[in-house]
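Engineer: no sequence on this one, just coordinates:
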């Protein structure tokens, strides 16, 4: 009876590569062998009254996001109706809305690429104008 064995790619590569090549590369000394990812910060998104109708009346939402863009992507996945009223069809924040991280308008920082840290408060406010 003839047996057939299937080798994994790693096993096949190990058979082809000389043993000395499997040693640590000298340029990689001191680098960690495994990376641990930092946990994604949890932030609170506060919503004005007119937008609450699109998220079952919630005045605030907790999301895990490292940037404002990631927070908006979370809204797109989990609060579709709210997202459509915050961002236009191109994904840009609607012109009549302002987004603040704590007390800073993201337009004065890095826009939707503004980084977030745990405990930050993201507030979505309609623009106010008048004379």
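Structural biologist: In hand now; what should we look at? Keep in mind that this is a model prediction, so the values were computed, not measured.

Engineer: Could you pull up the mean pLDDT of stretch 40-57?
Structural biologist: The pLDDT scores in stretch 40-57 average 94.

Engineer: End to end on that stretch, go ahead and measure it.
Structural biologist: Start and end residues of stretch 40-57 are separated by 26 Å (C-alpha to C-alpha, to the nearest Å).

Engineer: what's next to that stretch, contact-wise?
Structural biologist: Identification of contacts with stretch 40-57 by C-beta atoms under 8 Å, 6 or more residues apart in numbering yields 58-66, 70-71, 75, 79, 81-82, 84-86, 116-126. Heads up, the C-betas are built off the backbone N, CA and C, glycines and all.

Engineer: Pull out the buried residues from it.
Structural biologist: By 16 or more other C-beta atoms under 10 Å, the buried positions in stretch 40-57 come out as 41, 43, 45, 47, 51, 54-55.

Engineer: in the chain, which spans are helices?
Structural biologist: Listed in chain order, the helices found in the chain under DSSP state H are 9-16, 49-52, 68-78, 80-86.

Engineer: For the third one, the averaged confidence score.
Structural biologist: For helix 68-78, mean pLDDT is 96.

Engineer: Just give the closest residue to residue 88, not the sequence neighbours.
Structural biologist: residue 94 (5.6 Å; C-beta to C-beta, 6 or more residues apart in numbering).

Engineer: is it true that the one you found touches residue 83?
Structural biologist: No - Residue 94 lies out of contact with residue 83 (C-beta atoms under 8 Å); the separation is 10.7 Å.

Engineer: If you count surrounding residues, which of those two has more?
Structural biologist: Higher neighbour count among residue 94 and residue 83: residue 83, with 18 against 14, using other C-beta atoms under 10 Å.

Engineer: And that one, how close does it get to residue 114?
Structural biologist: For residue 83, the distance to residue 114 equals 18 Å [C-beta to C-beta, to the nearest Å].

Engineer: now do residue 53
Structural biologist: Taking C-beta to C-beta as the measure, residue 53 falls 27 Å from residue 114.
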